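Engineer: Test case, fold it:
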Amino acid sequence: MKRSVVFSSAVGSSVLAVHLSRRHRAWIALYAVEAGAQPLAEILRVNNVTPQDLREHEESWLRMRCRPGAGTS
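Structural biologist: Predicted coordinates:
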């Protein structure tokens with residue numbers, strides 16, 4: 001089920017309202033955690049995810065980041 005959420009960019013302070021799955025919100029939160037720009041509690045709150053969500057989706061996030069061509073323009 002998709003729901004409307006607000007999340008903060010891992011890089012900036014812009015706020016964007018979009019429809020995202022829990023998996024995608026967890027991936028965004030994992031990027032924010034990696035960037036270290038915000039406290040974990042804030043990242044979880046803004047992305048409407050739990051520490052369990054991060055653990056559940058961390059492996060798929062790592063696979064996505066390591067696929068050939070990821071991060072290239």
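
Engineer: Just say helix, strand or coil for the nearest residue to I43 once chain neighbours are set aside.
Structural biologist: If you skip the residues right next to it in sequence, I43 has A32 as its closest partner in space, 4.5 Å away by C-beta to C-beta, 6 or more residues apart in numbering. Bear in mind the C-beta positions are built from the backbone N, C-alpha and C, glycine included. For A32, the assignment made with DSSP: H, G, I helix; E, B strand; the rest coil gives helix.

Engineer: since we're on A32, how many residues are nearby?
Structural biologist: As a burial measure, A32 scores 22 neighbours (other C-beta atoms under 10 Å).

Engineer: Let me see the ranges of the helices in this protein.
Structural biologist: Secondary structure of the chain (DSSP state H): helices at 22-35, 40-47, 51-66.

Engineer: Same question for the shortest one: list its buried residues.
Structural biologist: The one in question is helix 40-47. When burial is assessed from 16 or more other C-beta atoms under 10 Å, helix 40-47 yields the following buried residues: 43-44, 46-47.
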